[in-house]
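1. I'd like to go over a predicted model; first the sequence, then the structure.
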Amino acid sequence: MKSIVVVVLFCILSLGQTFAQKLLTLRESLQLAKKNNPDLKVAAFNIKAAEADITTAKIRPDPNFNMQLLHIANPKQRAEGSAWPNSVNGQYWWQLTKPLQVAGQRTYKIDLANKLFTQSKLDYSENSRGIFYAVANKWLDAWSAKIGLDILEKGKVNIDSLVQINEYRLRNKVITNTDLQRTRLLQQQYQRDIVTAQQIYFNELQNLKYLLGTTDSLSVDFSDNTFNTILTAGDSLVEMGTHERSDVLSAKNAIDVSTSNMKVQRSLAYPQPEVGGMYNPQNNIPYFGFYGTVAIPIFNRNQGQREKAQVLKYQSEQNLWATERQAETEIMTAYRSYVTQRQNLEDYQRNLAEADNILNSVRYSYVKGGTSIIDLLEAQRSWLDTQQRYYSTMENFRRSYIQLLFATGIINQLAE
């Protein structure tokens, strides 16, 4: 009795929320995640930070101002009749110099900053691909939970009507009390399963809300036509993925970054001179002159960073090769799984219609007294099993579809 009350209250509350719920297709979920996902919002700051580095690279070195003051310490050596602070007893030094960036240092730094800015955007795109994959799978988890709930509710409707029929037949002494109790036990089991399935469904919706960055009431759209058949051949998908996938593009740009870094490190092998002018009054006698200094590159020619830049380039080239091979493997594996699951779904559609026909036939025969309650309950269990297996097959198909979208990188385009 308590479970019945819980179900009724839950249905009333759910009915009140249904009108305010927003139905989301897979594409709409991805688009909403692109705008509001909290992890993507955090990652977006990396792009702004990289853009600020471009500003830093463009800044030229500030000039250096140097002032020195010397006074005669021994009073006996000062000019006659003069005090310590008198200019005739001191020397003053004002110097203004400017460091120079030679060997294209500034140009190469700007180029490297631009390449890193591009890298940050590609890395953001790759982060988006992973998050969109998580969103799509969580959307599918919510869809699967709702399907499971709907199957149980549909099965319970059948059992509820059967209980009513058996109560009537028991009053007419057509069946025994045992037959009625069997149907009531099954009815109670359905009620318990429905309560559990409802909680699972709302838990999945709550997890989906976080990924979407929203607190609004929502539900998955069961009329979603996103899962259309992919007609593109596997070879074409591999070609697409190995040229357009975000991690491949990021790996390619990393080679450009390492090349630019090598140029920067080679330019830093040249010492940075500093030149300027000075004004030097000594005992009221003014002097003007020029200043210049440069390090003599005997020990430090930036050897370590130059070698490191070369190693990083070799690493980025190897990483590109590995990323392309990984993309090929993931796409071909996902495509084969997709084709298999698509065929399984087509085959199971026939089984679904057969299970409905069998249940209706056994049910009709039972009502007419042509078969036993055991046969009807077995037909009901078989129908439930077929329903669950069919939608499990559909879930596998849709999950393989999502995996293929992720492997090819098309999932990012779906979020546009």
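-> The structure has been received and is ready for your questions. Model, not experiment: these values are computed from the prediction.

2. need the strands for the stretch 1-150 of the chain, in chain order.
-> In the stretch 1-150 of the chain, the segments counted as strands under DSSP state E, counting those that start in this stretch are 22-24, 64-71, 90-99.

3. and Ala33, which of those is closest to it?
-> Comparison of the strands of the stretch 1-150 of the chain against Ala33 by Cβ to Cβ identifies strand 22-24 as nearest, at 10.2 Å. C-beta: built from backbone N, CA, C; applies to glycine.

4. name the strands paired with that closest one and say parallel or antiparallel.
-> strand 218-220 (parallel) (DSSP bridges).

5. what average pLDDT does the partner strand get?
-> Averaged across strand 218-220, pLDDT comes to 88.

6. ditto for stretch 292-301
-> Mean pLDDT, stretch 292-301: 91.

7. so how far is that stretch from its chain's centroid?
-> Distance of stretch 292-301 from its chain centroid, counting by Cα atoms, centre = their mean, to the nearest Å, is 48 Å.

8. before we move on, the earlier item: output the strands of the stretch 1-150 of the chain as a markdown table; include the columns mean pLDDT.
-> Output for the strands of the stretch 1-150 of the chain, formatted as a markdown table (pLDDT from 0 to 100):
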| stretch | mean pLDDT |
| --- | --- |
| strand 22-24 | 88 |
| strand 64-71 | 91 |
| strand 90-99 | 92 |
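
9. switch those over to CSV; also include distance to Gln303 and mean neighbour count.
-> CSV is the format used below for the strands of the stretch 1-150 of the chain (distance: least, Cβ to Cβ, whole Å; neighbours: other Cβ atoms under 10 Å):
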stretch, distance to Gln303, mean neighbour count
strand 22-24, 57, 15
strand 64-71, 27, 11
strand 90-99, 22, 16
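
10. next, Gly370: phi, psi?
-> phi -90, psi -10 (degrees, to the nearest 10).

11. how near is it to Lys76?
-> As judged by Cβ to Cβ, to the nearest Å, Gly370 and Lys76 stand 137 Å apart.

12. again, but for Tyr348
-> 113 Å.

13. what about stretch 319-331, average pLDDT?
-> Here the average pLDDT along stretch 319-331 is 93.

14. list the buried ones in that stretch?
-> Judged by neighbour count (16 or more other Cβ atoms under 10 Å), stretch 319-331 contains these buried residues: 319-320, 323-324, 326-328, 330-331.

15. so which of the residues you listed is the closest to Asn64?
-> Once Cβ to Cβ is applied, the member of the buried residues of stretch 319-331 that ends up nearest Asn64 is Asn319, at 41.9 Å.

16. could you find the closest non-adjacent residue to the closest one?
-> Ala251 (5.3 Å; Cβ to Cβ, 6 or more residues apart in numbering).

17. was I right about that neighbour contacting Glu317?
-> No. Using Cβ atoms under 8 Å, Ala251 is not in contact with Glu317; the gap is 9.1 Å.

18. now do the same for the closest residue to Leu320 other than its chain neighbours: its pLDDT.
-> Once flanking residues are discounted, Leu320 sits nearest to Ala251: 4.2 Å by Cβ to Cβ, 6+ apart. In this model, Ala251 is scored at 95, pLDDT.

19. Lys146 versus Ala251, what's the distance?
-> 39 Å.

20. so for the two, which residue has more residues nearby?
-> Regarding Ala251 and Lys146, a neighbour count based on other Cβ atoms under 10 Å identifies Ala251 as having more, with 23 against 20.

21. which residue ranges of the stretch 151-300 of the chain form strands?
-> So, for the stretch 151-300 of the chain - with DSSP E, counting those that start in this stretch - the strands run 218-220, 274-279, 288-293.

22. Ile110 is nearest to which of those?
-> Among the strands of the stretch 151-300 of the chain, strand 274-279 sits nearest to Ile110 (Cβ to Cβ), with 21.3 Å.

23. one step back: Tyr348 and Lys76: who's more crowded?
-> Tyr348 (17 against 5).

24. now that the more buried one has come up, it's in contact with Gln388, right?
-> No. Tyr348 is beyond contact range of Gln388, at 11.1 Å (criterion: Cβ under 8 Å).

25. before we move on, back to that, for Lys76, see how far away the residue nearest to Leu320 is.
-> In terms of Cβ to Cβ, Ala251 sits 77 Å off from Lys76.

26. and Trp143, by the same measure?
-> Using Cβ to Cβ, one gets 100 Å for the distance from Trp143 to Lys76.

27. got it, and Asp385?
-> Using Cβ to Cβ, one gets 115 Å for the distance from Asp385 to Lys76.

28. again with Lys35
-> Lys35 is 82 Å from Lys76, by Cβ to Cβ.

29. which residues of the stretch 251-400 of the chain fall in helices?
-> Per DSSP state H, counting those that start in this stretch, the stretch 251-400 of the chain carries helices over the ranges 303-367, 373-408.

30. deepest of the ones you listed, which one?
-> Highest mean neighbour count among the helices of the stretch 251-400 of the chain (mean count of other Cβ atoms under 10 Å): helix 373-408, with a mean of 19.

31. just checking, what packs against that one?
-> Secondary-structure packing of helix 373-408 (3 or more Cβ pairs under 8 Å, 6 or more residues apart in numbering; DSSP states H and E): helix 105-171, helix 177-212, helix 234-244, helix 303-367, helix 410-414.

32. which other residues reach the third one?
-> So that's helix 234-244. With Cβ atoms under 8 Å, 6 or more residues apart in numbering as the test, helix 234-244 has contacts from 230, 232, 248, 324, 327-328, 330-332, 335-336, 404, 407-410.

33. repeat that with 10 Å
-> By Cβ atoms under 10 Å, 6 or more residues apart in numbering, the residues outside helix 234-244 that reach it are 230, 232-233, 247-249, 252, 323-332, 334-336, 338-339, 404, 407-410, 412-413.

34. pLDDT of it, averaged?
-> Mean pLDDT, computed over helix 234-244, is 77.

35. what does the last one give?
-> Averaging pLDDT along helix 410-414 gives 90.

36. any idea how many residues pack against the nearest residue to Arg399 once chain neighbours are set aside?
-> Closest residue in space to Arg399, ignoring its immediate chain neighbours: Leu140 at 6.0 Å, by Cβ to Cβ, 6+ apart. Per other Cβ under 10 Å, the neighbour tally for Leu140 reads 20.
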